[in-house]
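> Return atomic coordinates for the entry below.
(one chain, ligands or ions: 1)
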Amino acid sequence: MLYDRTCQTCEKDFRSQRKESNICYGCALTRLIGNGGPEEGDINTALLTSGEMSDEDAHQLQRDLESVDHSAEEAFERQFEDYYGPDDCYLDDDEEWTR
Ligand SMILES: [Zn+2]
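Below is the predicted model of the structure:
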């Protein structure tokens, strides 16, 4: 179930899992990393704070949080792949990155 919400920080309309959510994902993440660089877990925390995700995303996120094998950034990137489909260029970059 998604609720139509308006962010009280940037006034953007967004859809949230949380009926009482008053902050969008972007603002939640900005607030989290406002005093430094993003740390592992900040992205997931922002998603949970804003609730700005689909039911499927929420279940995926829950699995990721329960897994010690995947970082928060990888979970975030997988969600983008769910939206836009696998990106060959991204996969190539990732392979080079690990060399
Ligand atoms: Zn906002």
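> ok, for Thr9, nearest residue in space, not its chain neighbours?
Take Thr9 and drop its neighbours on the chain: the residue closest to it by C-beta to C-beta, 6 or more residues apart in numbering is Cys27, 4.1 Å away. Using the backbone N, CA and C atoms, a C-beta is placed for each residue, glycine as well.
> In this structure that neighbour contacts Glu11, no?
No. With contacts defined as C-beta atoms under 8 Å, Cys27 does not count as touching Glu11, sitting 10.0 Å away.
> Among the two, which residue is more densely surrounded?
Neighbour count, other C-beta atoms under 10 Å: between Cys27 and Glu11, Cys27 has more, with 20 against 8.
> May I ask which helix or strand encompasses that one?
Under the criterion of DSSP states H and E, Cys27 resides in helix 25-32.
> The residue nearest to Ser16 when sequence neighbours are not counted and Gly36: what is the separation?
Ranked by C-beta to C-beta, 6+ apart and with sequence neighbours excluded, the top spatial neighbour of Ser16 is Gly51, at 3.7 Å. Summarising the geometry, the distance separating Gly51 from Gly36, computed by C-beta to C-beta, to the nearest Å, is 24 Å.
> ok, now Asp55?
Shown here: Asp55 relative to Gly36, a distance of 32 Å by C-beta to C-beta.
> Kindly report the same for Leu2.
Noted for Leu2: a distance of 31 Å to Gly36, by C-beta to C-beta.
> Between those two, point out the one with more neighbours.
Shown here are Leu2 and Gly36; by other C-beta under 10 Å, Leu2 has more neighbours (15 against 8).
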